[in-house]
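**Q** with the input below, show me the fold.
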Amino acid sequence: MRKLLVLLTLVATAASAQTKRAATFDDVMNIKAIQGATISPDGKWVIYGVRQWVDEQDKKEARTNVWKVATDGGAPARQITFGEKGDSQAQFSPDGKFISFISARGNAEAKAQIYMMSLEGGEAWKLTDAKENVSAYSWAPDGKQIAFIATDARGADEEANIKKRDDERVFEGDFRYQHAWVIDVDTKQATRITEGTTWTVQGAPSWSPDGKQFVFGAAATPMLRDNRRDVYLADVASKKVEKISTNWGSDGTPRWSQDGATIAWVGEPNTTNPMPDGTAHGVVMQQRLMLYDVKAKTIKDTLTPAFDSDAGNPIWTNEGKRVMFVTGKRAYHEAFAYDLTSGAYTQLSQKRTINGTSISKDGRTIALTMDAPDSATEIYVTDPSFANLKRLTNTNPQLAEVQQGETEVITWKSSDGVEIEGVLLKPVGFESGKRYPTLVVAHGGPAGAYVNGSRLGGVEGGQVWAGKGWAVFYPNPRGSSNYGQKTLAANVNDWGGGDFKDIMTGVDALVARGVADPDRLAHIGWSYGGYMTAWTITQTTRYKAAMVGAGLTNMWSMYGTNDIPSVLIPYFGGIPNTKTLPLYLDRSAMTHIDKVTTPTLILHGANDERVPTGQAYELYRGLKDRGKATELVFYPREGHGFTEYYHQKDRMQRIYDWVTKYTLGTGGNRTTSQQ
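**A** I've put the predicted structure just below:
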């Protein structure tokens, strides 16, 4: 009888698999994305955002609305806001009776404001009436006030000049600053707390338990290239503001403990010299958890030899003696806690891909967002041990009918013996010993990392490839962020060196395992991944096709034209000069362009300031004038990351068509816009 039951189970499982269909790019675009999760003070409810594409006249628009679900699982999740332009940053009032969120409601010129509504539902009402968009906010502990951040309004003369197009702008000279306000919830009377051009506020403030002060992070200037960021403490009654961080570099995301004794934030100690204009360039460093003793006015750096991962976005547990955060740990995103009493870090979760957490007032219930290799992000709850995760939502039930390939976290030895890790997405119906065409996808950053989570999205839509018989390889070479400070800094002065060898030896390992077909390899990447792809095709002829997306191709011209040149300085030994220029040039794909034989597709946002379009033009011209197979496609209105529906879908399809055409010699040879 037992054998019969096992046989029936296997037959049923096989039949179920046969009823599923291969993933499509439409499936990728139809995923509803969960954004954030906030648990109610009593731990009974979770509110969160759901982002999806909606039809808006003759185009698609991305819209986020607020949903609510009970933590006991007794009722299904339901949508509770319906703003036509979307609603975001949902929070509970301290007594849990109301929900607040940011929304731009009204005509086309309406600014984003804070709205409130009853937890039980009904009409929402507008609380703030700021002249410019509200970007962040937080409730005072007694629920009587809200601190919010808004951009300073332009003067009447400036507005008039803009309307008549007398709107010349001085580069890095015309800044708009953000400042903090406090509004009385009952009277709707707003009071400005900070002002001036000494700094611009970033992120939501964090209140002291007595509601008399709040702490906030601010940048010295609005320039992304300026890494001077500090933590300030503001007194609401006197409007006095005091800087409490001492690091010359970057400090931010401060959070006040429930007992009022300590403020936690994350910092990057910076001991470099200022640039001639006084700004700070970047450092290649994991963010550390810093603790400020409010009474003693002293700062403790919690870095220990046992823990040198990024400290993430800290939140306090209810007793005020532990700081919890989510950080990358090898091929996962795990929850950690730092204990103020023992000074020790504890890993709370194991082999999870957690995206964010929220803790109830009594500390007994934690809400979190998390995805998995076979699931898009959903809402879960757990106790503080993280041992009893319970899923609350099923936001994308349509994925149950989609076949998905299995993933495996793999390791291999690089050319110098260092162990490297990555994620392998296997083809649907994978058979051991059978070789498959393999797509290598280099990540951005370079301080990024792939985790063993959902592989249906991304630039390429990995599960679509798996459904079409491809293996997809996601390597984490040196320079990746989830492996400690030493690995993070291992590609300083060595872009295109050890990192390139790490990826190539990973491909060798897949070939040796009998998975990757050495005659059917392709390489793609976006941003730094685009750099790595452009570099790779100048160093090897092993790949039959490539896609360089928003890629850095000439490091010298890249430095002088992008909006964050400060990021390159620590990686290339300083600004380009007689001493450093040889490295900038040597590690540029354009220097070695004569060696390229791989057919290369180049994709780029037409309004990209992070990696300017000149990088794409240079690569295209270098390949085209040498008679190499190439195509350059610009996407109007897009920056470094794409935001429009048809552009995202076209990008995935165009990559697939190009790669299969040149790698397989068959299949999609359409490289024009999708009809």
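
**Q** what are the ranges of the strands in the stretch 551-675 of the chain?
**A** For the stretch 551-675 of the chain, applying DSSP state E, counting those that start in this stretch gives strands covering 600-605, 630-635.

**Q** in TSV, list these along with distance to Asp157.
**A** (Glycine included, C-beta is placed from N, CA and C.) Putting the strands of the stretch 551-675 of the chain into TSV (distance: least, Cβ to Cβ, whole Å) gives the following:
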stretch	distance to Asp157
strand 600-605	34
strand 630-635	36
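
**Q** got the end-to-end distance for stretch 81-98?
**A** 13 Å (Cα to Cα, to the nearest Å).

**Q** and that stretch, what's buried?
**A** Neighbour-count burial for stretch 81-98, counted by 16 or more other Cβ atoms under 10 Å, picks out 81, 83, 86-94, 96, 98.

**Q** same question, stretch 122-138
**A** Buried residues in stretch 122-138, counted by 16+ other Cβ under 10 Å: Ala124, Leu127, Thr128, Ala130, Val134, Ser135, Ala136, Tyr137, Ser138.

**Q** would you map the strands across the stretch 351-500 of the chain?
**A** 353-359, 366-372, 375-382, 390-391, 407-413, 419-425, 436-442, 471-476.

**Q** contacts for stretch 21-29, please.
**A** 53, 398-399, 401-404, 428, 456-457, 461, 463-464, 466-468, 645, 648-649, 652-653, 656 (Cβ atoms under 8 Å, 6 or more residues apart in numbering).

**Q** what about it, how long is it end to end?
**A** Stretch 21-29 has an end-to-end distance of 16 Å (Cα to Cα).

**Q** in that stretch, what's buried?
**A** So, applying 16+ other Cβ under 10 Å, buried residues of stretch 21-29: Ala23, Thr24, Phe25, Asp27, Val28, Met29.

**Q** find me the pLDDT at the last one, would you?
**A** This points to Met29. Looking at Met29, its pLDDT reads 96.

**Q** would you mind measuring from it to Leu601?
**A** 20 Å (Cβ to Cβ, to the nearest Å).

**Q** next one: the third one
**A** Plainly put, Phe25 is 16 Å away from Leu601 if you go by Cβ to Cβ.

**Q** which ones are touching Trp181?
**A** With Cβ under 8 Å, 6+ apart, Trp181 has these contacts: Thr128, Ala130, Ala147, Phe148, Ile149, Ala150, Ala190, Thr191, Arg192, Ile193.

**Q** could you do Val548 as well?
**A** Neighbour list for Val548: Ile524, Gly525, Gly530, Thr533, Ala534, Thr600, Leu601, Ile602, Leu603, Ala616, Leu619 [criterion: Cβ under 8 Å, 6+ apart].

**Q** most surrounded residue in the residues you listed?
**A** Ala534 (33 neighbours; other Cβ atoms under 10 Å).

**Q** Ala160 looks like it's in a helix, true?
**A** Yes - the assignment for Ala160 (DSSP: H, G, I helix; E, B strand; the rest coil) places it in a helix.

**Q** next, count neighbours for it.
**A** By other Cβ under 10 Å, the residues close to Ala160 number 11.

**Q** kindly report the same for Trp526.
**A** 28.

**Q** for it, phi and psi?
**A** Per-residue torsions, Trp526: phi -120, psi 140 (degrees, to the nearest 10).

**Q** might one say that it is in contact with Ala550?
**A** Yes - under the criterion of Cβ atoms under 8 Å, Trp526 makes contact with Ala550 at 5.5 Å.

**Q** re the thing from before, what is the nearest of the buried residues of stretch 81-98 to Val201?
**A** Nearest to Val201 among the buried residues of stretch 81-98 is Gln89, at 15.3 Å by Cβ to Cβ.

**Q** related to what we said a few turns ago, tabulate the strands of the stretch 551-675 of the chain (a markdown table), appending mean pLDDT and distance to Asp174.
**A** Converted to a markdown table, the strands of the stretch 551-675 of the chain look like this (pLDDT from 0 to 100; distance: least, Cβ to Cβ, whole Å):
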| stretch | mean pLDDT | distance to Asp174 |
| --- | --- | --- |
| strand 600-605 | 98 | 23 |
| strand 630-635 | 98 | 27 |
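
**Q** of all these, which one comes closest to Lys300?
**A** Here strand 600-605 is closest among those (Cβ to Cβ), at 42.3 Å.

**Q** only alpha carbons, please: show that closest one as CSV.
**A** Below are the C-alpha coordinates for strand 600-605, written out as CSV (Å, rounded to 0.1, in the frame of the first residue of the first chain):
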residue,chain,number,x,y,z
THR,A,600,27.5,43.2,-29.1
LEU,A,601,24.2,44.8,-28.4
ILE,A,602,24.4,48.1,-26.6
LEU,A,603,21.3,49.4,-24.6
HIS,A,604,21.2,52.8,-22.8
GLY,A,605,18.8,55.2,-21.2
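
**Q** which neighbours does that strand have in its sheet, and in what orientation?
**A** strand 545-549 (parallel), strand 630-635 (parallel) (DSSP bridges).

**Q** out of these, which one sits most buried?
**A** Highest mean neighbour count of those: strand 545-549, a mean of 28 (counted as mean count of other Cβ atoms under 10 Å).

**Q** just for this structure, where's the confidence low?
**A** The model of the chain has pLDDT under 70 over residues 1-18, 666-675.

**Q** on that earlier part again, just the buried ones from the contacts of Trp181, in PyMOL syntax?
**A** Buried members of the contacts of Trp181, defined by 16+ other Cβ under 10 Å, are picked up in PyMOL with:
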select buried, resi 128+130+147+148+149+150+190+193
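
**Q** now, which of the contacts of Trp181 lie within helices?
**A** With helices taken from DSSP state H, there is no overlap with the contacts of Trp181.

**Q** ok, which stretches of the stretch 51-200 of the chain are helices?
**A** Taking DSSP state H, counting those that start in this stretch to define them, one finds helices in the stretch 51-200 of the chain at 156-163.

**Q** buried residues, the one helix or strand Met532 maps to. List them.
**A** Following DSSP states H and E, the helix or strand that holds Met532 is helix 528-539. Buried residues in helix 528-539, counting neighbours by 16+ other Cβ under 10 Å, are found at Tyr528, Gly529, Gly530, Tyr531, Met532, Thr533, Ala534, Trp535, Thr536, Ile537, Thr538.

**Q** turn these into JSON lines, columns for distance to Gly173.
**A** Output for those, formatted as JSON lines (distance: Cβ to Cβ, whole Å):
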{"residue": "Tyr528", "distance to Gly173": "30"}
{"residue": "Gly529", "distance to Gly173": "33"}
{"residue": "Gly530", "distance to Gly173": "31"}
{"residue": "Tyr531", "distance to Gly173": "30"}
{"residue": "Met532", "distance to Gly173": "35"}
{"residue": "Thr533", "distance to Gly173": "36"}
{"residue": "Ala534", "distance to Gly173": "33"}
{"residue": "Trp535", "distance to Gly173": "35"}
{"residue": "Thr536", "distance to Gly173": "39"}
{"residue": "Ile537", "distance to Gly173": "40"}
{"residue": "Thr538", "distance to Gly173": "38"}
